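Participant: Can you look at this prediction? I've put the sequence above it.
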Amino acid sequence: RSRPNHRSRVLCGGTVVAGGSDGCAIFFPIARLARTNDISSLMEARKKRLGLPNPRQGAPPVWAAMFLSTCRSLRIVAVPLFAQMCWLSCGPATSTDLDAGPCTGSACDQCPAGRMTTIRGVVTAPNGIDPVPGALVYVPAAELTAFPAGIRCEACQQLVGATKAVVSTASDGSFVLGPVPFQGEPAHASVVTQMGRFRSARDIAIDVPCGENRPAAENFRLPGKNNGVAQTIPRIAVAQGHYDSMECVLRGMGVEEFDLYEGNGLPSGTVGSFGSLLRDSQIMRSYNIIFINCGNDYEYLLSLPGVRQNIESYVADGGRLYVTDWSYDYIEQIQSFAPVIDFEPGASDELPEAMNDAELGRGGIVVAAKVLSSPLVEWLKEVERVTGDALIDAADRVEVKGLAGRWVQQYRVLPADHVTVWLEGNADGLRPLTTTFDENQCGRALFSSYHTVDGGAREGGFPGYCTDFQLSPQERVLEYLIFHIASCITVE
């Protein structure tokens, strides 16, 4: 129970559904929580007894803000005979302060005490194979509307809106959503699957009212292209490169709709030159995500203050920037970004260093890169199970190869809450290999010293040069991080 003047977070059956970050699920009776101050100590004791991991460098916060906002509002004044449970459903990639409204409507009215309607499933990428961690699955409280055009600061609660039930997926993409309000005869419910602006809304049959339902897997597959309000994806631009082809990773994930810009003298299949995009802030801001492949021909434009300002304001105002290897100066030459990642050679102050100075890596080496994020480790192991591909070893390392001569080296990364190092490896010394950071609690940027194994765009045009759909271990990491940069940002 909760006091009438507090917003109740106890849903039907005395269950709370929330999202976390380490792939676990912990149950404990509300009857044991004499005071709200007991919650954190009981959670930690239960985790210790179960042998669950503590957060490590590179992992998001373990206890999602949604759970904290839920349990802190509880005031236990009486406990019924049957056990009521507070359920922490830990999701792997993001935390969220979203919470469902009070349980009202037909599902609550029709189900006997202690029972509720639930939906169990797995959220997958647009290819229908790869699990998506940290996605939200929810019953909307109002009719969905179209996303505003262009970039904006999109906190998680703003991007989703009011819900009647909500849950975050675990590292294997799995979830149990409930209680699910249903209606009609035969019974059905509107359910939304969402990761950032990847959103799919479907009307799902409720075959077992007041029980568990397992709809077909297709119901929880994220869309690969836009199709009205119910099936949406972010607007994406990709600049071609000589030595990278993230457009092929997108295609392997099942993303069918994005604009390819000429960045390396091969205009076939492109919508224009990347230089024209950099010069036009308005067009840049129409894209939610911009990928800049390694070996881009337009870095000379970074000498123009207007181009640097376009990039800086794009990310600060909510854009997502994804940069690999030799294109690192699109981060280093931006004055507000430069202090976050200190590129070689050696320690420097907060000002940008000379262009191309960090291109010092030895070519032809293979690096056993340590994965620093527990959720990413769990996801890679799950993808191994689903696909049969060998991706990560027992020491949580992935093989990084295809490093050409003079690859870009990160010297160190600013330790801060808004910065995450995902992989590090011993390459002429232990160093970060993949880093993301949030800007202004609004936008997000990624830099990776490595890229796709097979190199960049070649003659023949896209998608002809995307010859292999079996993603390598390092390409799987990049796939995971595509969903990370596409996701909403939790504002503390």
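Facilitator: That came through, no problem.
Participant: And for Arg285, the neighbour number?
Facilitator: Arg285 has 18 neighbours, counted by other C-beta atoms under 10 Å. Where C-beta positions appear, they are placed from N, C-alpha and C, glycine not excepted.
Participant: hey, what's the closest residue to Val419 other than its chain neighbours bridged with?
Facilitator: Nearest-residue entry for Val419: Phe437, 4.5 Å, with adjacent residues in sequence omitted and distances by C-beta to C-beta, 6 or more residues apart in numbering. Beta-bridge pairing for Phe437 (DSSP bridges): Val419, Ala445.
Participant: In stretch 383-397, which of the residues would be classed as buried?
Facilitator: By neighbour count on 16 or more other C-beta atoms under 10 Å, the buried set for stretch 383-397 is Val383, Leu391, Ile392, Asp396, Arg397.
Participant: Make a markdown table out of the residues you listed and add distance to Ala135 and pLDDT.
Facilitator: Converted to a markdown table, those look like this (distance: C-beta to C-beta, whole Å; pLDDT from 0 to 100):
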| residue | distance to Ala135 | pLDDT |
| --- | --- | --- |
| Val383 | 15 | 93 |
| Leu391 | 20 | 96 |
| Ile392 | 21 | 97 |
| Asp396 | 23 | 98 |
| Arg397 | 26 | 98 |
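Participant: can you redo the residues you listed as a markdown table with distance to Thr324 and secondary structure?
Facilitator: Below are the buried residues of stretch 383-397 laid out as a markdown table (distance: C-beta to C-beta, whole Å; DSSP: H, G, I helix; E, B strand; the rest coil):
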| residue | distance to Thr324 | secondary structure |
| --- | --- | --- |
| Val383 | 21 | helix |
| Leu391 | 19 | coil |
| Ile392 | 21 | coil |
| Asp396 | 22 | coil |
| Arg397 | 20 | strand |
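Participant: okay if I get these as TSV plus distance to Gly269?
Facilitator: Conversion of those to TSV gives the following (distance: C-beta to C-beta, whole Å):
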residue	distance to Gly269
Val383	29
Leu391	30
Ile392	34
Asp396	38
Arg397	36
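Participant: Of these, which is the nearest to Gln409?
Facilitator: The nearest member of the buried residues of stretch 383-397 to Gln409, counting by C-beta to C-beta, is Arg397 at 18.8 Å.
Participant: Which residue is the nearest non-sequential neighbour of Ala358?
Facilitator: Phe343 (3.7 Å).
Participant: Quick one: neighbours of the one you found, just the number.
Facilitator: Around Phe343 there are 24 residues (other C-beta under 10 Å).
Participant: Just grab the bridge partners of it for me.
Facilitator: Gln410.
Participant: Quick check: it touching Glu353?
Facilitator: Yes: the criterion here is C-beta atoms under 8 Å, and Phe343 meets it with Glu353 at 6.6 Å.
Participant: what touches both of those two?
Facilitator: Counting by C-beta atoms under 8 Å, 6 or more residues apart in numbering, the common neighbours of Phe343 and Glu353 are Glu332.
Participant: circling back: pLDDT score assigned to the residue nearest to Val419?
Facilitator: Note for Phe437: predicted pLDDT of 96.
Participant: got a list of what it touches?
Facilitator: Phe337, Val340, Ile341, Ala416, His418, Val419, Thr420, Arg444, Ala445.
Participant: what do you get if the cut-off is 6 Å, keeping everything else the same?
Facilitator: By C-beta atoms under 6 Å, 6 or more residues apart in numbering, Phe437 lies in contact with Val340, His418, Val419, Ala445.
Participant: which one in those is the model shakiest on?
Facilitator: His418 (92).
Participant: Return the distance of that one relative to Val366.
Facilitator: Separation of His418 from Val366 (C-beta to C-beta, to the nearest Å): 32 Å.
Participant: Neighbour count for these two, which is higher?
Facilitator: His418 (15 against 12).
Participant: Quick check: nearest residue in space to the more buried one, chain neighbours excluded?
Facilitator: Asp438 (4.2 Å).
Participant: Pretty sure Ala416 is one of the things the one you found touches, is it not?
Facilitator: No: the criterion here is C-beta atoms under 6 Å, and Asp438 misses it with Ala416 at 9.4 Å.
Participant: quick one, helices of this protein?
Facilitator: Along the chain, counting by DSSP state H, helices occupy 38-50, 65-71, 106-110, 156-160, 246-253, 274-279, 281-284, 305-316, 329-332, 374-387, 473-486.
Participant: measure Gly364 to Ala404 for me?
Facilitator: From Gly364 to Ala404 the distance is 8 Å (C-beta to C-beta).
Participant: Can you pick out the residue with more neighbours from those two?
Facilitator: Using other C-beta under 10 Å as the criterion, Gly364 and Ala404 rank with Ala404 on top: 19 against 9.
Participant: Can you pull the poorly scored residue ranges out of the protein?
Facilitator: Where the chain drops to pLDDT under 70, the residues are 1-110, 155, 157-158, 453-460, 468-469, 491-492.
Participant: go again using 80 as the cut-off
Facilitator: For the chain, the stretches with pLDDT under 80 are 1-110, 154-161, 265-269, 453-461, 467-470, 489-492.
Participant: between Asp438 and Ala416, who's got more neighbours?
Facilitator: Asp438 (20 against 11).
Participant: List the residues that contact the more buried one.
Facilitator: By C-beta under 6 Å, 6+ apart, the neighbours of Asp438 are His418, Arg444, Ile489.
Participant: For Gly269, state which of the residues you listed is nearest.
Facilitator: For the contacts of Asp438, the nearest to Gly269 is Arg444 (27.5 Å; C-beta to C-beta).
Participant: you'd agree Met355 is up against Tyr330?
Facilitator: No: in this structure, Met355 is not within contact of Tyr330 by C-beta under 6 Å, at 10.5 Å.
Participant: higher neighbour count, those two?
Facilitator: Ranked by neighbour count (other C-beta under 10 Å), Met355 and Tyr330 place Tyr330 first, with 24 against 15.
Participant: which ones are touching the more buried one?
Facilitator: So Tyr330 contacts Ile292, Val323 (C-beta under 6 Å, 6+ apart).
Participant: Would you mind measuring from it to Val366?
Facilitator: From Tyr330 to Val366 the distance is 27 Å (C-beta to C-beta).
Participant: ditto for Gly346
Facilitator: Taken as C-beta to C-beta, the span from Gly346 to Val366 is 25 Å.
Participant: cool, and Gly443?
Facilitator: 33 Å.
Participant: repeat for Glu154
Facilitator: 39 Å.
Participant: what do you get for Tyr138?
Facilitator: Separation of Tyr138 from Val366 (C-beta to C-beta) stands at 43 Å.
Participant: One more: Leu360?
Facilitator: For Leu360, the distance to Val366 - C-beta to C-beta - is 18 Å.
Participant: cool, and Thr436?
Facilitator: Taken as C-beta to C-beta, the span from Thr436 to Val366 is 24 Å.
Participant: and what of Pro112?
Facilitator: For Pro112, the distance to Val366 - C-beta to C-beta - is 60 Å.
Participant: For Gly346, grab the count of nearby residues.
Facilitator: Residues lying near Gly346 (other C-beta under 10 Å) number 10.
Participant: Phi first, then psi, for it.
Facilitator: phi 70, psi -180 (degrees, to the nearest 10).
Participant: Spatially, what comes nearest to it if we skip its sequence neighbours?
Facilitator: The nearest residue in space to Gly346 (C-beta to C-beta, 6+ apart) is Tyr411, at 6.2 Å.
Participant: how near is that neighbour to Val123?
Facilitator: In terms of C-beta to C-beta, Tyr411 sits 37 Å off from Val123.
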